[in-house]
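Enquirer: For reference, the sequence and a predicted model appear below.
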Amino acid sequence: MKNLILIRHAKSSWDAPLIDKDRPLSKRGIDDAHLVASAVSGYLPKTFMVWSSTAQRAKNTAYIFAETLSIPIENILFKDDLYTFEVKKLENIIKSCDNKYDNLILFGHNEAITNFVNIFGSVTLDNVPTSGFVSISFEQDDWGAIQKGKTQKTVFPRELKKYDSPSHTGKPVY
């Protein structure tokens, strides 16, 4: 059995005139990444491989999750080919995972993540939001042979936030 956890990078900032790959996280992105990371520790397998896109916003999200979940940063493998928005590329990268690893945590980008979840998971999602966490299990023992799996858990920032009433501020209150 193979288990995959997909985490979409946290909300990025558009404040500085940077190329897409170099955009950092926004304050909301940092807060949301901490919020989700704090909520998912019970859904992580005991051992796992961690991959991240080399885009700054994905790396920063991976660092926040690593810090919160006590994952040694040196255990994160940064892969240039994960800087993709195409589902077929993402599928091929996931299917290339060494079979000695049963559990893979991956930090990446949309549209690829939402499309992958909808093709390979058992729950259809309109969108995996920034900082979104989706866990899928597969019956296959070979990453290269994974097919339709079972969506085990989704955790999205909006589910974890409490809001003031709209008549007051309507803003998130943690």
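Expert: Received it, and whenever you're ready, just let me know what you need. Residues are numbered from 1 along each chain as shown.

Enquirer: contacts, neighbours, all on C-alpha from now
Expert: OK.

Enquirer: Flag every buried residue along stretch 37-49.
Expert: For stretch 37-49, the buried set under the neighbour-count rule, 16 or more other C-alpha atoms under 10 Å, comprises Ala37, Ala39, Val40, Leu44, Phe48, Met49.

Enquirer: For that stretch, output the C-alpha coordinates as PDB.
Expert: Extracted C-alpha coordinates of stretch 37-49, given in PDB (Å, rounded to 0.1, in the frame of the first residue of the first chain):
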ATOM      1  CA  ALA A  37       0.700  22.100   9.900                       C
ATOM      2  CA  SER A  38      -0.500  22.200  13.600                       C
ATOM      3  CA  ALA A  39      -3.700  20.400  12.700                       C
ATOM      4  CA  VAL A  40      -2.300  17.400  10.700                       C
ATOM      5  CA  SER A  41       0.300  15.700  12.900                       C
ATOM      6  CA  GLY A  42      -2.200  12.900  13.700                       C
ATOM      7  CA  TYR A  43      -2.600  12.200  10.000                       C
ATOM      8  CA  LEU A  44       1.100  11.600   9.200                       C
ATOM      9  CA  PRO A  45       2.600   8.200   8.800                       C
ATOM     10  CA  LYS A  46       5.500   7.200  11.100                       C
ATOM     11  CA  THR A  47       8.000   7.300   8.300                       C
ATOM     12  CA  PHE A  48       7.900   9.200   5.000                       C
ATOM     13  CA  MET A  49       9.800  10.800   2.100                       C
END
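
Enquirer: ok, residues contacting stretch 127-139?
Expert: 1-11, 29, 32-33, 36, 61, 110, 113-114, 117, 120-121, 146-157 (C-alpha atoms under 8 Å, 6 or more residues apart in numbering).

Enquirer: any idea of the mean pLDDT in it?
Expert: Mean pLDDT, stretch 127-139: 98.

Enquirer: in that stretch, what's buried?
Expert: Of the residues in stretch 127-139, Val128, Pro129, Thr130, Ser131, Gly132, Phe133, Val134, Ser135, Ile136, Ser137, Phe138 count as buried by neighbour count, 16+ other C-alpha under 10 Å.

Enquirer: what's the closest of those residues to Asn103?
Expert: Within the buried residues of stretch 127-139, the smallest distance to Asn103 is 9.1 Å, found for Ser137 (C-alpha to C-alpha).
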